[in-house]
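Engineer: just coords:
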């Protein structure tokens, strides 16, 4: 659906060249929700603007379907942009126009009659559940409502692609959830391809099918959201994954030498990580029974990505040394990652 | 009524036709030069805004040339413009004196000021809105009309109000080339012939005009602020 081929974008400012996007190659499939995650300045906003050419790549090609949009004339490009909706972090609604007029805005020149436009706007407002706000001005709306209007406006010309540039970053968690649910609904109901830029892993986890991780203008990791989550290989990806869990807090406890992590003989702090899909066994109970271990969970973070649990546990395990080893082997055989964080067994 | 007026403002009452004519001349000068300045200033303000580096029709050359021209004319005192523009005025209007002769220098005095005001107003339009409009496939001319101008109606109304009021002030000086108007009336009779009631009455009339302009401007601005 959308294909980047060796896309580069440089900015020249006063003799300095900033490589905002470097050598990007990947493809976004039709009908998927694709996430692009990175810290600020990673180049994700620039990259997504290469899809509707709000930023023109310095080199490389961008295809939408079979069409190379980087080769289009200005006029063709404008026509093309009508088929790509875009929403923004700051909503960018026209303050001088009502909700209705904002949604109607892109329909000028669409060839629809006034009556058809009215039907269309009403349908869109219904879709985003804001029919009662048609005559309100944006200034009287909450952030979440503003983003809904922006979404309705972006959908006015029946786009095939919706670009979302940090669309939930200015919203509180509850409103974020409702906007993400709406995007998901649009994806399923209208089959629209959605490209989401974010710096929040939560957004990726909640709605994306696949994800690209960006750092310093490069795509450092790219693939299925679950796989990236379960086995992050690049440092940046790991940072994002770590941020969403509290499991690493155990290191703080160790640094601070808290009572709970002062291990006694025959104790070890282990971290279990779910690496594969479809782990639904009662692992902790099994370990406890099979290997006669006492397991004290001190941190836990299990989340669902789709139908699959992901995350892990940090626990203090007490038992015979060889039983702990056997238990670790047992888990590894089941493809659960095991990491020894602190081992008290040989301490004395 | 007439008796009371004659008692308090005798010098006005004995030259009422001249007084009325002065008011009319002021309106003519403000009206014509204001209308012309509005059109030219709006145009130049838009051109400077959109050609500014980083904007939709960025063009360093046009931007810098216009920017410097506007600065140049803004720095010339109006009284010097009045004299300096005489040949040009004669070429355009056929005469360099009277109300007709005043319009050209008034336009030159007022347009750069209004251009700057427009530029400042348009600069307040959130660049995000321009980006959103571009992402919808709008042409540049549509962006200027449907985004820049539409979003700035309140600001343009305020800029127009300020400009008209300062233009009324400029017309007083135009008396120097025999253009007439209220300012000239006040200086000729009130000041030079020591008829203070003429000065006071003229001031009262000017205060009323300025107040009405301000009220209209505020109303339009408020109507368009949401």
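Structural biologist: Now that the structure is in, tell me what you want to look at. None of these values were measured; they are calculated from a predicted model.
Engineer: after the one helix or strand residue B:18 maps to comes which helix or strand?
Structural biologist: Taking DSSP states H and E as the criterion, residue B:18 maps to helix B:16-51. Counting by DSSP H and E, the element after helix B:16-51 in chain order, helix or strand, is helix B:60-75.
Engineer: Buried residues of that following helix, list them for me.
Structural biologist: When burial is assessed from 16 or more other Cβ atoms under 10 Å in any protein chain shown, helix B:60-75 yields the following buried residues: B:63, B:66-67, B:70, B:73. Backbone N, C-alpha and C define where each C-beta goes, glycine included.
Engineer: so who does residue A:21 touch?
Structural biologist: A:7-9, A:43, A:46-47, A:50, A:57, A:217 (Cβ atoms under 8 Å, 6 or more residues apart in numbering or on different chains).
Engineer: is it true that it lies in a strand?
Structural biologist: Yes. Counting by DSSP: H, G, I helix; E, B strand; the rest coil, residue A:21 is part of a strand.
Engineer: what's the distance between the closest residue to it other than its chain neighbours and residue A:72?
Structural biologist: The shortest distance from residue A:21 to any non-neighbouring residue, by Cβ to Cβ, 6 or more residues apart in numbering or on different chains, is to residue A:9 (4.0 Å). The gap separating residue A:9 from residue A:72 is 17 Å, by Cβ to Cβ, to the nearest Å.
Engineer: So which of these two has more stuff around it?
Structural biologist: When residue A:9 and residue A:72 are compared for neighbours, residue A:9 comes out ahead with 22 against 16, by other Cβ atoms under 10 Å in any protein chain shown.
Engineer: Phi first, then psi, for the more buried one.
Structural biologist: Dihedral pair for residue A:9: phi -140, psi 120, per degrees, to the nearest 10.
Engineer: That one is in contact with residue A:57, isn't it?
Structural biologist: Yes. Residue A:9 is within contact range of residue A:57, at 5.3 Å (criterion: Cβ atoms under 8 Å).
Engineer: Pull up the overlap in contacts between the two.
Structural biologist: Contacts common to residue A:9 and residue A:57, judged by Cβ under 8 Å, 6+ apart, are A:21, A:50.
Engineer: ok, back up a step: just the closest of the buried residues of helix B:60-75 to residue B:117, please.
Structural biologist: residue B:70 (11.0 Å; Cβ to Cβ).
Engineer: Could you grab the helix/strand/coil label for the residue nearest to the closest one when sequence neighbours are not counted?
Structural biologist: Nearest residue to residue B:70, sequence neighbours excluded (Cβ to Cβ, 6+ apart): residue B:112, at 4.6 Å. The three-state label given to residue B:112 by three-state DSSP is helix.
Engineer: swap in residue A:5?
Structural biologist: Applying three-state DSSP: residue A:5 is strand.
Engineer: Just give the nearest non-adjacent residue to the most centrally placed residue in chain A, would you?
Structural biologist: By Cα atoms, centre = their mean, chain A has its centre lying nearest to residue A:204, at 2.0 Å. Nearest non-adjacent residue to residue A:204, counting by Cβ to Cβ, 6+ apart: residue A:35, 4.3 Å away.
Engineer: I'd guess the one you found is in a strand, am I close?
Structural biologist: Yes. If the criterion is three-state DSSP, then residue A:35 is within a strand.
Engineer: Just the pLDDT at it, thanks.
Structural biologist: On the pLDDT scale, residue A:35 is placed at 95.
Engineer: quick one: least confident helix or strand in chain B?
Structural biologist: Lowest by mean pLDDT, DSSP states H and E among the helices and strands of chain B is helix B:2-8, with a mean of 85.
Engineer: Contacts made by that helix with the rest, please.
Structural biologist: Under Cβ under 8 Å, 6+ apart, the answer for helix B:2-8 is B:12-13, B:197.
Engineer: Please dump those residues into JSON lines; it should also carry distance to residue B:39 and neighbour count for every row.
Structural biologist: Supplementary listing: those in JSON lines, determined by distance: Cβ to Cβ, whole Å; neighbours: other Cβ atoms under 10 Å in any protein chain shown:
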{"residue": "B:12", "distance to residue B:39": "36", "neighbour count": "22"}
{"residue": "B:13", "distance to residue B:39": "40", "neighbour count": "16"}
{"residue": "B:197", "distance to residue B:39": "39", "neighbour count": "16"}
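Engineer: now the residues you listed in JSON lines, with distance to chain A, secondary structure and pLDDT?
Structural biologist: Converted to JSON lines, the contacts of helix B:2-8 look like this (distance: Cβ to the nearest Cβ, whole Å; DSSP: H, G, I helix; E, B strand; the rest coil; pLDDT from 0 to 100):
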{"residue": "B:12", "distance to chain A": "46", "secondary structure": "helix", "pLDDT": "87"}
{"residue": "B:13", "distance to chain A": "49", "secondary structure": "helix", "pLDDT": "88"}
{"residue": "B:197", "distance to chain A": "47", "secondary structure": "helix", "pLDDT": "91"}
